[in-house]
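Q: only the shape, not the letters, is given here:
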């Protein structure tokens, strides 16, 4: 059974917010998706050719598409390298065309495009089991978990009443975060240990 989740980017400005979250279908738990996000983010922050300014620039210049957006012939030519032959999906659907970018933080930034998840996905504690959000304002990698009692959930995605979402039984809750400073300075193995501890994993 798939362990579904999401990765995304968030920032707050004086007069607006920036947020984009993309769906991940398989292996969203810490040892796979969490590890990959930590590895990519650490590489970006410690690389002489990248860094935080590079990250911000790439994120704010992402082309954001949704499942409802039309895929053109030009899009297929431009992004076909990220496609995957999926039963029931065509290259003229964004899900199939960008399938190889799922869970690939650095790949998304390099490609310059991201498929936004349905707006309700970030609140869906039944199916969105692990979510990793790069907060560019607080400079923290935020870690969220599903299957939380709605009355105990905390954080930005605890199912507000004015948002339609898939499940009323469980919420998505913030379990903690890892600062960019720690991600830059600590070893990858240490960071994975910290993330596993946030999720209560041994």
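A: Looks like it came in fine. Because the structure is predicted, anything quoted here is derived from the model rather than measured. Numbering: from 1, shown residues only.

Q: how many residues are close by residue 190?
A: Residue 190 sits with 13 neighbouring residues when counted by other Cβ atoms under 10 Å. Where you see a C-beta, it was placed from the backbone N, CA and C, and this is true even at glycine.

Q: and it, helix, strand or coil?
A: On the three-state scheme (DSSP: H, G, I helix; E, B strand; the rest coil), residue 190 is labelled helix.

Q: all strands for the chain, in order.
A: Here the chain has its strands, by DSSP state E, at 5-12, 17-24, 63-65, 113-115, 130-135, 140-148, 171-179.

Q: so which bits of the first one are buried?
A: Buried residues in strand 5-12, defined by neighbour count with 16 or more other Cβ atoms under 10 Å: 5, 6, 7, 8, 9, 10, 11.

Q: let me know the outermost residue of this protein.
A: In terms of distance from the mean C-alpha position of the chain, residue 73 ranks first, at 27.3 Å (Cα atoms, centre = their mean).

Q: against residue 98, how distant is that one?
A: Noted for residue 73: a distance of 16 Å to residue 98, by Cβ to Cβ, to the nearest Å.

Q: same check on residue 152?
A: From residue 152 to residue 98 the distance is 35 Å (Cβ to Cβ).

Q: any chance of the strands of the chain in CSV, plus mean pLDDT?
A: Putting the strands of the chain into CSV (pLDDT from 0 to 100) gives the following:
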stretch, mean pLDDT
strand 5-12, 96
strand 17-24, 94
strand 63-65, 98
strand 113-115, 98
strand 130-135, 97
strand 140-148, 94
strand 171-179, 95
